[in-house]
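Enquirer: have a look; sequence and predicted model below, questions after that.
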Amino acid sequence: MIAEILEALFLILAIFMAVYLVRHYIFTVTVLKNVSRNRELDAVTAVEACPPQVLILIPAHNEERVIGRLLQRITELTYPKEKTQIIVIDDASTDDTGKIAKQYSATYTYIKTIHRNKKEGGHGKASALNAGLKHADGEIILCFDADYYPQIDFIEKLTREFADPEVGVVQGRITVMNEPQNTVTRLVALERIGGYGVDQQAREGLGLITQFGGTAGGVRRSLLERLGGWDESTLAEDTDLTFRVYLAGYKFAMCLTQNVTRRQLKAGEIIGDRDTGGQRDICSAPSNTGLTF
């Protein structure tokens, strides 16, 4: 009896693996076929005569180790500053996140910091994003987690995809900044390559549902407001928004030429959870070296 059960389980597992391999093969071939199209997109260098007004929302809870690095990088972006607005939502932080963000706000007029106390904040990432959305002036809303590091021309390439009026959301690719460091960082980098470099791109090429990652991407403000903003009742606000955008009849685009790096933890370097207002992931303190891009 036990042998029969084990045989059945093995057969089910074998079928599952076979289906997965066929799926991944189809996805890989689809991406390879689209390489030439992606290279043509890379060659497009024309700048729109009237770039859209952009708002970057940065929800942050206890992000003192990384928030300064991101804000400094944002000041180096090549998108017109008069077309850029940055709002840092200090979501009931108990460290120096708000203080660091406020220093940048005092220096750069296009950076604004919203401080939420314990009563107002701490209700999840979606709640923090909605708080920032209330102060928005931009046509395109971009989202960044505090531990990300964009290329300097990130906004130009991302907003270019919105030239298609049917596109509601654009997602950039995410890579690991310290990939060669150790086994953990290499494995995470491999997962990112499979997720963004194969899975997401193949879904787009096959006309399947691709997903907004919740960071390093953008959405039309008019669409977001029509949908009622982010759903604060769920921790998976990115997946929820993905399906609501599709149900509203809009398309999803991948910005295939654009990467955003994120520094992954090192083995043995875990220092606790990074809490982005209810959404947690394990991270580490960034090094002051090796931040080349």
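Expert: Everything's here; your move.

Enquirer: what strand or helix carries Gly98?
Expert: Gly98 is part of helix 97-107, with elements assigned from DSSP states H and E.

Enquirer: ignore the last one, Thr113
Expert: Per DSSP H and E: strand 111-116 holds Thr113.

Enquirer: what's the helix or strand following that strand packed up against?
Expert: Sequence-wise, the next helix or strand downstream of strand 111-116 (DSSP H and E) is helix 125-133. Helices and strands touching helix 125-133, by 3 or more C-beta pairs under 8 Å, 6 or more residues apart in numbering; DSSP states H and E, are strand 54-60, strand 84-91, strand 111-116, helix 221-226, helix 237-247. Any C-beta I mention is one placed from the backbone N, CA and C, and that applies to glycine too.

Enquirer: packing partners for the fourth one?
Expert: Judged by 3+ C-beta pairs under 8 Å, 6+ apart, the packing partners of helix 221-226 are helix 125-133, strand 140-143.

Enquirer: right, and those - which one's nearest Asn62?
Expert: helix 125-133 (12.5 Å; C-beta to C-beta).

Enquirer: you'd agree Ile174 is in a strand?
Expert: Yes: checked against DSSP: H, G, I helix; E, B strand; the rest coil, Ile174 lies within a strand.

Enquirer: and it, how many neighbours?
Expert: Counted with other C-beta atoms under 10 Å, residues neighbouring Ile174 total 20.

Enquirer: also the one 4 residues further on?
Expert: Residue crowding around Asn178 was assessed by other C-beta under 10 Å; the count is 22.

Enquirer: check Ile2 too.
Expert: 6.

Enquirer: what do you get for Asp96?
Expert: Asp96, neighbours per other C-beta under 10 Å, totals 16.

Enquirer: shouldn't it be in contact with Glu63?
Expert: No: between Asp96 and Glu63 no contact is recorded; they are 9.5 Å apart, counting by C-beta atoms under 8 Å.

Enquirer: SS state for the nearest residue to Ala60 once chain neighbours are set aside?
Expert: Spatial nearest neighbour of Ala60, excluding adjacent residues (C-beta to C-beta, 6 or more residues apart in numbering): Ala146 at 4.6 Å. Assigned with three-state DSSP, Ala146 falls in the coil class.

Enquirer: local confidence estimate at Ala146?
Expert: We have a pLDDT of 93 for Ala146.

Enquirer: what of Ile141?
Expert: For Ile141, pLDDT reads 96.

Enquirer: so who does it touch?
Expert: Val54, Leu55, Leu57, Leu133, Gly218, Val219, Arg220, Arg221, Leu224 (C-beta atoms under 8 Å, 6 or more residues apart in numbering).

Enquirer: can you check Val170 too?
Expert: Per C-beta under 8 Å, 6+ apart, neighbours of Val170: Leu158, Thr159, Glu161, Phe162, Gly217, Gly218, Val219, Phe252, Ala253, Met254, Cys255.

Enquirer: now swap in Leu6 and tell me
Expert: Leu6 neighbours (C-beta under 8 Å, 6+ apart): none.

Enquirer: Arg220 now?
Expert: Glu139, Ile140, Ile141, Phe162, Gly168, Val169, Tyr250.

Enquirer: and of those, the nearest to Asp238?
Expert: Once C-beta to C-beta is applied, the member of these that ends up nearest Asp238 is Val169, at 9.9 Å.

Enquirer: and for the closest one, the neighbour number?
Expert: Val169: 26 neighbours (other C-beta under 10 Å).

Enquirer: look at it and report its pLDDT.
Expert: On the pLDDT scale, Val169 gets 92.

Enquirer: number of nearby residues for the residue nearest to Val88 when sequence neighbours are not counted?
Expert: Spatial nearest neighbour of Val88, chain neighbours left out: Ala101 (4.2 Å); criterion: C-beta to C-beta, 6+ apart. Burial of Ala101 is recorded as 30 neighbouring residues (other C-beta under 10 Å).

Enquirer: quick one: low-confidence ranges for this protein?
Expert: For the chain, the stretches with pLDDT under 70 are 20-49, 192-204, 206, 208, 256-293.
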